[in-house]
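**Student:** Turn this into a model:
(chains A and B)
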Amino acid sequence: MAITATKGQTGLTGNSAVAYAMKQINPDVCAAYPITPSTQIVEDFSGYVADGEVTTELITVESEHSAMSACIGAAAAGARVMTATSSQGLALMWEMLYIASGMRLPIVLANVNRALSSPINIHCDHSDSMGARDSGWVQLYSETVQEAYDNVFMAVRIAEHKDVLLPAMVCLDGFITSHAIENISLIEDQEVRQFIGSYNAKASLLDTDKAPTFGAMTLPDTYIEFKRQQSEAMTRAKGAAIEVMKDFGKRFGREYGLFETYRLEDAEAAIVVLNSAAGTTKVAVDALRKEGKKVGLLRPRLFRPFPWQEIAGALKGCKAITVLDRADSMNAFGGPVFSEVRSALYDLDPRPRVMNRIYGLGGRDYKVKDAVEVFNEALKAAETGRVETLVKYITL
Amino acid sequence: MATLKDLSKQQELFSGGHRLCAGCGIPPIVRLVLRAANGPVVTTTATEYLEVGTTIYPYTAWRCPGYTRPSRTRPRP
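**Tutor:** Reported below is the predicted structural model:
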């Protein structure tokens, strides 16, 4: 598809928008293996490579494990590297995800969220990226096509930030965002180049003078220090993200934060939810507000590192909060977002009631009526101070 | 074709002092391979005793850049 970046609006699917962002970034290397629903990212991008619109070395590999392995090799050589995947693809990369972050290689990956087998399902849920939440990758989540497109540029800057040097993944909802056409505002190539700048790796595998070793053996006397350094870099990624988002807003007029709040200031009951379901939830917020019910929304954008103090600060006025998880931790105590949000709120005084609802697994629709039901239940808990059911599945 | 004597005059890219066992057959093989390689050398090794015995941080026996990959990236028959 021939697209010209102008200031005007352009209709693109989430996948095409991510591929177009990758074209504008023109990474040195892309190694990828296509998988539904992220296939079109690699498909569009390989078109840009074939048409000579980018100078990227595209490595077509036999699996996602090999894709991430090739990305790591290229990044160790000092290249700016990008890839895309979904679901089983991300799962097959698992071993290598930890190596990318442990070697401090700022690879950027677009993950189009899809359920994990078994049973097989190609539709949206967050089990894939939630499983990778502790792999040392920065995670940015996107509600819309526009946000997914914008997040790709911000991910490059955050990952390559001198205080960070960690890989980053941009998550967007399978089909709901990846395949829906949305009118978005593109950034001009020149402005993209100015925003992301050039990347100069600190060490290169091809530097035969310094002869660095990547992936050395560390015994119990040194391993924990490496992990602590990595953990501190991840902590610093929050500051880097704030800096990058602020710069992005100043340049392009679209303001982003660590999370988005919607009518939360005076809310008594709130929903916390990631990605596209926030759009549906906002419609429910508006409907209930018309009835005089004080409800609001918080949508985390940066999930790794998890900005727990800021999230607690934003939710401290609420009496009841329901965290919606599009993934289950299968640990009988709620989904991953719930565990972290509830833990972040533990020290608040007074402490709000916090519930968890697992919704939309495998692409099950989450409708405005579902959000309304969740809000009404939360409002009841806000009023009585009692939670009837802490964790349960909805949209069944 | 270079003789072993010719190769012995090439640059030594694999140092002594590593932690592989005395009598291990791998170091002489690696030394010979590195001597036979013409031009700049970058090595990659899939995790095994060669790599864990020669790159124990903060030391390395390699005088050329190296990247250790997980075992799964080793070619399979």
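**Student:** give me every residue that touches residue 30.
**Tutor:** Looking at chain A here, since you left the chain open. Neighbouring residues of residue A:30 by C-beta atoms under 8 Å, 6 or more residues apart in numbering or on different chains: A:22, A:45, A:49, A:56-59, A:81-83. Placement of C-beta: from N, CA and C, glycine included.
**Student:** looking at chain B here, not the other one
**Tutor:** So residue B:30 contacts B:14, B:50 (C-beta under 8 Å, 6+ apart).
**Student:** With residue A:297 instead?
**Tutor:** Residue A:297 neighbours (C-beta under 8 Å, 6+ apart): A:260-264, A:270-273, A:278, A:281-282, A:285.
**Student:** On the strand side of things, show who it bridges to.
**Tutor:** Judged by DSSP bridges, the bridge partners of residue A:297 are residue A:262, residue A:271.
**Student:** And it, how far from chain B?
**Tutor:** For residue A:297, the distance to chain B (C-beta to the nearest C-beta, to the nearest Å) stands at 41 Å.
**Student:** cool, residue A:248 as well?
**Tutor:** According to C-beta to the nearest C-beta, residue A:248 and chain B sit 34 Å apart.
**Student:** and that residue, what helix or strand is that in?
**Tutor:** Element membership of residue A:248, judged by DSSP states H and E, is helix A:223-252.
**Student:** Which one of the contacts of residue A:297 sits in the busiest neighbourhood?
**Tutor:** If you count neighbours using other C-beta atoms under 10 Å in any protein chain shown, the busiest of these is residue A:270, which has 31 neighbours.
**Student:** so who does it touch?
**Tutor:** Contact analysis of residue A:270 by C-beta under 8 Å, 6+ apart lists A:264, A:295-298, A:315, A:318, A:320-322, A:378.
**Student:** Return the subset of these lying in strands.
**Tutor:** Cross-referencing the contacts of residue A:270 against strands under DSSP state E gives A:295-298, A:320-322.
**Student:** quick one: which of the residues you listed is most hemmed in?
**Tutor:** residue A:295 (30 neighbours).
**Student:** Was I right to think it contacts residue A:289?
**Tutor:** Yes. Counting by C-beta atoms under 8 Å, residue A:295 does reach residue A:289; the two are 6.7 Å apart.
**Student:** Overlap of the contact sets of those two?
**Tutor:** Joint contacts of residue A:295 and residue A:289 (C-beta under 8 Å, 6+ apart) are residue A:263.
**Student:** Quick check: closest non-adjacent residue to residue A:163.
**Tutor:** Nearest in space to residue A:163, with sequence neighbours left out and distances taken as C-beta to C-beta, 6 or more residues apart in numbering or on different chains, is residue A:236 at 4.3 Å.
**Student:** Settle this for me: that neighbour is touching residue A:162, isn't it.
**Tutor:** No. Look at residue A:236 against residue A:162 with C-beta under 8 Å: they stay out of range, at 9.6 Å.
**Student:** So between the two, which is more surrounded?
**Tutor:** A count of neighbours by other C-beta under 10 Å puts residue A:236 above the other of residue A:236 and residue A:162, at 17 against 8.
**Student:** quick one on the thing from earlier: which of the contacts of residue A:30 come close to chain B?
**Tutor:** Counting by C-beta under 8 Å from any C-beta of the partner chain, nothing from the contacts of residue A:30 sits close to chain B.
**Student:** What about the residues you listed, which are in strands?
**Tutor:** Of the contacts of residue A:30, the ones assigned to strands by DSSP E are A:57-59, A:81-83.
**Student:** Kindly give a single PyMOL line that selects the buried subset of the residues you listed.
**Tutor:** Command for PyMOL that selects the buried part of the ones in strands among the contacts of residue A:30, burial taken from 16 or more other C-beta atoms under 10 Å in any protein chain shown:
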select buried, chain A and resi 58+59+81+82+83
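**Student:** Now pLDDT and distance to residue B:47 too, for the ones in strands among the contacts of residue A:30, in a markdown table please.
**Tutor:** As requested, those are exported to a markdown table (pLDDT from 0 to 100; distance: C-beta to C-beta, whole Å):
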| residue | pLDDT | distance to residue B:47 |
| --- | --- | --- |
| A:57 | 98 | 26 |
| A:58 | 98 | 28 |
| A:59 | 98 | 22 |
| A:81 | 98 | 22 |
| A:82 | 98 | 26 |
| A:83 | 98 | 23 |
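**Student:** Output the ones in strands among the contacts of residue A:30 in a markdown table, with distance to residue A:150 appended to each entry.
**Tutor:** A markdown table is the format used below for those (distance: C-beta to C-beta, whole Å):
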| residue | distance to residue A:150 |
| --- | --- |
| A:57 | 26 |
| A:58 | 24 |
| A:59 | 27 |
| A:81 | 20 |
| A:82 | 15 |
| A:83 | 19 |
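**Student:** which residue is nearest the centroid of chain B?
**Tutor:** Chain B has residue B:30 as the residue nearest its centroid, 4.1 Å off, counting by C-alpha atoms, centre = their mean.
**Student:** Strands of chain B, residue ranges please.
**Tutor:** Remark: strands assigned in chain B by DSSP E are B:43-46, B:66-69.
**Student:** Which one of those lies nearest to residue A:342?
**Tutor:** Nearest to residue A:342 among those is strand B:66-69 (39.2 Å), distances taken as C-beta to C-beta.
**Student:** Export that closest one to CSV, keeping only CA atoms.
**Tutor:** Backbone C-alpha positions of strand B:66-69 (Å, rounded to 0.1, in the frame of the first residue of the first chain) are rendered in CSV as follows:
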residue,chain,number,x,y,z
GLY,B,66,32.4,-13.5,21.3
TYR,B,67,28.7,-14.1,21.8
THR,B,68,27.3,-17.0,23.8
ARG,B,69,23.9,-18.2,22.6
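**Student:** so where's the chain uncertain?
**Tutor:** Here I'm looking at chain A. A:1-7 (pLDDT under 70).
**Student:** my question was about chain B
**Tutor:** Counting by pLDDT under 70, the ranges of chain B that qualify are B:76-77.
**Student:** picking that back up, just list the residues touching the residue nearest to residue A:163, thanks.
**Tutor:** A:161, A:163-164.
**Student:** Report the contact partners of the residue of the stretch 151-300 of chain A found nearest chain B.
**Tutor:** Going by C-beta to the nearest C-beta, chain B is nearest to residue A:215 of the stretch 151-300 of chain A, at 3.6 Å. Residue A:215 sits next to A:99, A:102-103, B:55, B:67-69 when contact means C-beta under 8 Å, 6+ apart.
**Student:** Looking at those residues, which one is closest to residue A:172?
**Tutor:** Comparing the contacts of residue A:215 against residue A:172 with C-beta to C-beta places residue A:99 closest, at 24.5 Å.
**Student:** Enumerate the positions of the helix or strand containing that closest one that are buried.
**Tutor:** Using DSSP H and E, residue A:99 maps to helix A:87-102. Buried residues in helix A:87-102, counted by 16+ other C-beta under 10 Å: A:87-93, A:96-102.
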